[in-house]
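1. fold the following for me, if possible:
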Amino acid sequence: MPKVSDEHLEQRRRQILDAAQRCFIRKGVHATSMQDIMAESELSAGAVYRYFKSKTDIIAAIVSSVIGDMQSFIADLVATDPLPPLDEMIRRFAGHFAASAQ
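-> Prediction:
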């Protein structure tokens with residue numbers, strides 16, 4: 001049996017996370033079930049559970065990704081020379097945060 005590439009595995013994982021985010025936005029986190037995520041991702045239960053043991057694991061992966069993105073954005077922002085004024089940094093951060101929530 002041929003080995004599945006790391007790229008394929010990451011694409012499948014991303015497919016599940018993207019589907020979960022759409023469900024969470026549409027229905028709310030608490031009202032979204034694993035079945036909703038499976039239906040949205042168009043994957044079987046076995047495929048979804050291969051990557052995530054539970055909805056909590058999916059939420060943790062999404063939060064971790066968002067936090068990592070924010071840390072990277074802030075690091076790039078404070079590395080700017082010259083450093084922008086504080087109100088400009090806050091405006092950029094808020095804009096980035098709003099865009100990532102969509």
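2. okay, Ala101: pLDDT?
-> Here the pLDDT value assigned to Ala101 is 67.
3. pull the longest helix from the protein.
-> As assigned by DSSP state H, the longest helix anywhere in the chain is helix 55-78.
4. so which elements touch that one?
-> helix 6-27, helix 34-41, helix 86-100 (3 or more Cβ pairs under 8 Å, 6 or more residues apart in numbering; DSSP states H and E). C-beta here means a position set from N, CA and C on the backbone, and glycine is covered the same way.
5. CA atoms of the longest one as PDB?
-> These are the backbone C-alpha positions of helix 6-27, laid out as PDB (Å, rounded to 0.1, in the frame of the first residue of the first chain):
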ATOM      1  CA  ASP A   6       2.800  14.500   4.600                       C
ATOM      2  CA  GLU A   7       1.300  17.200   2.300                       C
ATOM      3  CA  HIS A   8      -1.800  15.100   1.800                       C
ATOM      4  CA  LEU A   9      -2.200  14.600   5.500                       C
ATOM      5  CA  GLU A  10      -1.900  18.300   6.200                       C
ATOM      6  CA  GLN A  11      -4.400  19.100   3.500                       C
ATOM      7  CA  ARG A  12      -6.900  16.700   5.000                       C
ATOM      8  CA  ARG A  13      -6.300  18.100   8.500                       C
ATOM      9  CA  ARG A  14      -6.800  21.700   7.100                       C
ATOM     10  CA  GLN A  15     -10.000  20.500   5.400                       C
ATOM     11  CA  ILE A  16     -11.400  19.400   8.800                       C
ATOM     12  CA  LEU A  17     -10.300  22.600  10.600                       C
ATOM     13  CA  ASP A  18     -11.800  24.800   7.900                       C
ATOM     14  CA  ALA A  19     -15.000  22.900   8.000                       C
ATOM     15  CA  ALA A  20     -15.100  23.200  11.800                       C
ATOM     16  CA  GLN A  21     -14.600  26.900  11.600                       C
ATOM     17  CA  ARG A  22     -17.400  27.300   9.100                       C
ATOM     18  CA  CYS A  23     -19.700  25.300  11.400                       C
ATOM     19  CA  PHE A  24     -18.600  27.200  14.500                       C
ATOM     20  CA  ILE A  25     -19.400  30.500  12.800                       C
ATOM     21  CA  ARG A  26     -22.700  29.400  11.500                       C
ATOM     22  CA  LYS A  27     -24.000  27.400  14.500                       C
END
